[in-house]
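Participant: everything below, folded, please.
(chains A and B)
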Amino acid sequence: MNRFIVPVVVFLGLAAVLFVGVKHSPDKNNMASALLGKPAPAFELPVLGDPGRKLSSRELAGKPWVLNVWGTWCVECRVEHEALLQIAAQKRVPIVGLSYKDDDAAATEWLRQLGNPYNVVAVDKEGRTAIDYGVYGAPETFFVDAGGRVQYRHAGAMTQEVWEREFLARLAGGAQ
Amino acid sequence: MVPEFGQFALVLALLLAAAQAVFGLVGAQRLDPRWMGVVRPAVAGHFVLVSAAIGVLIYAFVNFDFSVAYVASNSNSALPTFYRVAAVWGAHEGSLLLWAWMLSLWTLAVAAFSRNLPPHFASRVMGVLGVVSFGFLLFTLYTSNPFDRLPVEQIPADGRDLNPVLQDPALAIHPPLLYMGYVGFAVAYSFACAAMLEGKLDQVWARWTRPWTTLAWCFLSVGIALGSWWAYYELGWGGYWFWDPVENASFMPWLVGTALIHSLAVTEKRGLFKSWTLLLAILAFSLSLLGTFLVRSGVLVSVHSFAADPSRGMFILGFLVLMIGGALILYAWRAPLLKSQAGFEGGAREAFLLYNNIALVLGALVVLIGTLAPLVNEALGKKSISVGPGWFSRLFPYIALALLTLVAIGIHAAWKRGRLGDSRGRLFAGLGAGVIAGLLIVSIGFGPGKWQSALGIVLGCWVIVSSLFDPVDRWRRKLTLPRAVIGMTIAHIGLGVNVIAISTVESYTIERDVAVGVGESVTMGRYAYRFDKLEPVEGPNYDGVRAEITVLRDGQPVTVLHPEKRNYWVQRSTMTEAGIHSKWNMDLFVALGENLGGGRWSLRAQLRPLIDYVWLAAGLMALGGGLAASDRRYRSRQAVESTATSTPTAPAT
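Facilitator: Presented below is the predicted three-dimensional model:
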């Protein structure tokens, strides 16, 4: 055939490569991609209101738990707080708070005023644990299954609806 | 309610783009003036509607409408107004809308300035542009609607803020310029497709296409330079080019676009290289689309890819296959018909332009291979590896040096029967002057460095000297100096300056990474940077620390630099703001690193000679291009009258 066909043939080869590339690319929009199904990053952090004690992620192993990243500086955390209190009242799963780059006194005062939905709050002053979890901005909530693997990540304010649809469904799924 | 108007306007714009495509292409095929008459009103309406849509999005940003998901993700009540407007194109959805708006702007310009063209040809050009618009708007509405609302209970009290990396004046205007360039190549692409559909390509076609292509290239040049400048002072590493996939995505169309500009010159002057010019016109836009695909689909990870989504990737890929594959099939079918009549000799100017074209396309190919290598690897099932800057910086300089040599020699060659022997005098005079100037710069200014850099400086000087011969000669003989010649000269001087600057920066930068406490200094040659103090700073939506660093030359204070490290509250991310003092011959650069504890901080201190000329040179190139594109012969009606009499050739079937 003629040489003018060469460009289209080369392009189709390139398109095939790109097709494979797209097929295999991780879903970055759902930003938990790197962690989904992987073991939750380990941490050992001081506990809010109990400076002598350290909370290790090993203590949480064996049962499902939820990690909620929050800070008093975060407007949306205030928005989701009411929903968190209701969720905590159901006592379906322990909720671990991660006080993210925050002032301890401010965090304690916040919980005293608004109520405390957390079973325990770990203090991540430097934000290192949050980096391990790939936190993009507070609030974010992670679901970790009994095997210690991250099963879901929700970025933004928690709502009753998200809780039921994404978290409770996974909790029930894990129990079967 | 207001955001819905934006979405509605986009849907209407989509329909008008369809009308523009159908009436434009089918109308030209049927040679029906009533069908073709629909096209221009459709183009105008399309522009108004897309403008309305982008206006609505700006309105939503300025007024903190966090019920719009895109606004909630990319704005914040503490964000200054300027960045709230710039945030419109701060992420994926708005970028696409900006893309679509610029396309509608270019199309409007084509509609306005194509009245001298044969109606069926103009109609086809706008028809093809309509297809492009339709694809982009469909993509926007289908996968990336910027007007999507959040459910009432999820409307946040405040937004998640614009990515702090993007909160910078240069980056606010960098994407619009870059897109103006990318999208501008759509015009050259449409001219090429129209010519192939007509089965006719002559010198007049090249004359129509040239100013559009040059203009798009100018925007792209400035856009790339701004992006590089931004990376230099905002990313805080002191580099200006990282061979990052996103940078490469803008560089490839630029290289091919440069080749296209020169190939078009040959097609216009001599009626040669017709099929080659067509192919370059298709490739320049294809690479622009590919760039968009790479950035937006998430197949390649880069510091620039802020949002990515595979479903979008599939859509763009499909669009890519239709637009590029379609054009290339048309090319395989029609290009064989476009035989060039004349020949040329190996020493003629057209021959040198061909060699240059080969060097430019080769350069683009090197960048393309380096950029896609990780993907190919992955497709072959190997582990995803990234090709480091090594691949590019090993290969690209040689191509650039070869290109420069060809430019310096080719400038002297005459059209058609040119032989190098004829311009022997100028050639050796230029070479001599260039070598002397280059060696002077190297020996007096900087001392010995890498041989590639010395060669680059010499070649850059040679190009500058060579490009001055013709205009100076015209001026001395009191001949007219058309804008095209002045523009070409300025652009070539820009190329020379650019290469001299890059060669110098690459070889003669002094860099120290040190840990210092208050009162300590770091010495580099005659310069010393003294860490004087550290103080807290607070901005509208961030806080941080600012260092005060006094720069001393031979013990005398020169300036005080204030590098900063900022914490943006909402996204909780840390940004470096480098402290830079620009002198005429070098930049004094310092970036604040990590707090090492005990009052000590890591500092990156640099002396970067001539770095500002890298970007200044891009400005010269763009200025030259702008002058050339505005040359009066593109505005004369004479060219049109010669073809208006010839009957349109109906395409063979």
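
Participant: dump stretch B:260-270 to CSV, restricted to CA.
Facilitator: Extracted in CSV, the C-alpha atoms of stretch B:260-270 (Å, rounded to 0.1, in the frame of the first residue of the first chain):
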residue,chain,number,x,y,z
LEU,B,260,4.3,23.3,10.8
ILE,B,261,4.9,27.0,10.6
HIS,B,262,8.1,26.4,8.6
SER,B,263,6.5,23.8,6.4
LEU,B,264,3.6,26.1,5.6
ALA,B,265,6.1,28.7,4.6
VAL,B,266,7.5,26.3,2.0
THR,B,267,4.1,25.3,0.8
GLU,B,268,3.1,28.9,0.4
LYS,B,269,6.3,30.1,-1.3
ARG,B,270,7.0,27.0,-3.5
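
Participant: what's the closest non-adjacent residue to residue 40?
Facilitator: No chain was given, so I picked chain A. Distances taken as C-beta to C-beta, 6 or more residues apart in numbering or on different chains place A:Val144 nearest to A:Ala40, at 4.6 Å, with adjacent residues excluded. All C-beta spots, glycine's among them, are computed from the backbone N, C-alpha and C.

Participant: please go with chain B instead
Facilitator: Spatially, and ignoring its direct neighbours in sequence, B:Arg40 is nearest to B:Ala111 (4.9 Å; C-beta to C-beta, 6+ apart).

Participant: tell me the confidence at that neighbour?
Facilitator: The model reports B:Ala111 with a pLDDT of 96.

Participant: chain neighbours aside, what residue packs nearest to whatever residue of the stretch 401-550 of chain B ends up closest to chain A?
Facilitator: For the stretch 401-550 of chain B and chain A, the shortest gap (C-beta to the nearest C-beta) falls at B:Asp543, measuring 10.9 Å. Distances taken as C-beta to C-beta, 6+ apart place B:Asn567 nearest to B:Asp543, at 5.9 Å, with adjacent residues excluded.

Participant: could you look up the SS state of B:Arg115?
Facilitator: Recorded secondary structure, B:Arg115: coil (DSSP: H, G, I helix; E, B strand; the rest coil).

Participant: list the contacts of it.
Facilitator: For B:Arg115, the contacting residues are B:Ala122, by C-beta atoms under 8 Å, 6 or more residues apart in numbering or on different chains.

Participant: now it, what are its backbone angles?
Facilitator: Backbone torsions for B:Arg115, taken as degrees, to the nearest 10, come to phi -70, psi -20.

Participant: surely A:Pro139 is in contact with A:Thr72?
Facilitator: No: counting by C-beta atoms under 8 Å, A:Pro139 stays clear of A:Thr72, with 11.6 Å between them.

Participant: picking up where we left off before, the residue nearest to B:Asp543 belongs to a strand, doesn't it?
Facilitator: Yes: counting by three-state DSSP, B:Asn567 is found in a strand.

Participant: close to chain A, is stretch B:147-159?
Facilitator: Yes: applying C-beta under 8 Å from any C-beta of the partner chain, one finds stretch B:147-159 touching chain A at B:153-154, B:156-158.

Participant: how about that stretch: buried residues?
Facilitator: Within stretch B:147-159, the residues that count as buried by 16 or more other C-beta atoms under 10 Å in any protein chain shown are B:147, B:149-150, B:154-156, B:158-159.

Participant: which of A:Pro139 and A:Thr72 has more neighbours?
Facilitator: Shown here are A:Pro139 and A:Thr72; by other C-beta atoms under 10 Å in any protein chain shown, A:Pro139 has more neighbours (25 against 19).

Participant: show me the contacts for the more buried one.
Facilitator: By C-beta under 8 Å, 6+ apart, A:Pro139 lies in contact with A:68-70, A:74, A:76-77, A:80, A:156-158.

Participant: just B:Ser521 next, same as before
Facilitator: By C-beta under 8 Å, 6+ apart, the contact list for B:Ser521 reads B:528-531, B:552.

Participant: let's see it at 10 Å
Facilitator: B:514, B:527-532, B:549-552, B:605 (C-beta atoms under 10 Å, 6 or more residues apart in numbering or on different chains).

Participant: buried ones among those?
Facilitator: For the contacts of B:Ser521, a burial check counting by 16+ other C-beta under 10 Å picks out B:514, B:527-531, B:549-552, B:605.

Participant: which among the residues you listed gets closest to B:Arg635?
Facilitator: Set against B:Arg635, the nearest of the buried ones among the contacts of B:Ser521 by C-beta to C-beta is B:Val551 (50.9 Å).

Participant: quick one on the thing from earlier: how many neighbouring residues does the residue of the stretch 401-550 of chain B closest to chain A have?
Facilitator: Neighbours around B:Asp543, by other C-beta under 10 Å: 12.

Participant: would you map the helices across chain A?
Facilitator: A:6-24, A:75-90, A:104-114, A:128-132, A:160-162, A:169-175 (DSSP state H).

Participant: returning to what we had before: check the buried ones among the contacts of B:Ser521 against chain A, which are close?
Facilitator: Among those, no residue is within reach of chain A (C-beta under 10 Å from any C-beta of the partner chain).
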